[in-house]
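1. Fold the stuff below for me.
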Amino acid sequence: MQEVKNGPFRVTSKTGFFSKDRVNVWKNGRPFYQYEKNGRINFNLPPGNYFTYTNLWELDKPVEYEFKRTRKREKHHFDAPNQVIVVFRHNPNKASIFLNEGIVILDLRFKEMPEEVLTYILYHEIGHYFYSTEHFCDEYAQERMLREGYNKSQILKASALSLGPENDRNRKCIHNVIKSKMK
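-> As a prediction, the model looks like this:
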């Protein structure tokens, strides 16, 4: 078990960590994952360069979650491309994807949002390659973020900031994420 002391560190693939009582991890000069509770906190980080203000210990393997899917693929004539182009410009729909071109247009208001919000919106839009139902695209984004190393609190924050805390789809996100249990 390797200890990561206060300071910069790099994660090359989804990695599990634990901390005692508090997590304070930053990325690109912004808070990335902050969490407090009494006792041990197990969590993941996706690949990237980070800075920690708390001591962390690397786990032998990432934390895995069991995500309860309710969706079934609705579109069978599309496969998601390996890469999409993201463009920021005025968009009254918040976000739009052009499936044939592989282009996602995000409204300018999202340009300064935290990484987890942009990731959530992007994965939601990519979900449209497989699903027509907005809720299914949300669920796709939630499951993919968990699988890639984001934490439940980050997904909940991303949903609330992108959809609005009182939105019915955000309530479904809360339900989905709370039901997801560590394996």
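2. Pass me the low-pLDDT residue ranges in this protein, would you?
-> Filtered on pLDDT under 70, the chain yields the residue ranges 1.
3. Can you tell me which residue is spatially central in it?
-> In the chain, the residue lying closest to the centroid (Cα atoms, centre = their mean) is residue 145, at 3.8 Å.
4. Using the three-state scheme, assign that one.
-> Counting by DSSP: H, G, I helix; E, B strand; the rest coil, the backbone at residue 145 sits in helix.
5. begin at 10 from here
-> With 10 as the first residue, the last one maps to residue 154.
6. dump the residue contacts of it.
-> By Cβ atoms under 8 Å, 6 or more residues apart in numbering, the contact set of residue 154 is 125, 128-129, 132, 163-164, 167. For glycine as for every other residue, the C-beta is placed from the backbone atoms N, C-alpha and C.
7. separation between it and residue 117?
-> 23 Å (Cβ to Cβ, to the nearest Å).
8. Next: residue 70.
-> Separation of residue 70 from residue 117 (Cβ to Cβ): 40 Å.
9. cool, residue 136 as well?
-> Taking Cβ to Cβ, one finds residue 136 at 22 Å from residue 117.
10. quick one: which of the contacts of residue 154 is nearest residue 189?
-> Taking Cβ to Cβ as the measure, residue 189 lies nearest residue 164 of these, at 8.9 Å.
11. Could you double-check that that closest one lies in contact with residue 187?
-> No: if you go by Cβ atoms under 8 Å, residue 164 and residue 187 don't touch, sitting 10.6 Å apart.
12. So which of the two has more stuff around it?
-> residue 164 (24 against 10; other Cβ atoms under 10 Å).
13. ok but that one is inside a strand, no?
-> No: under three-state DSSP, residue 164 falls outside any strand and is assigned helix.
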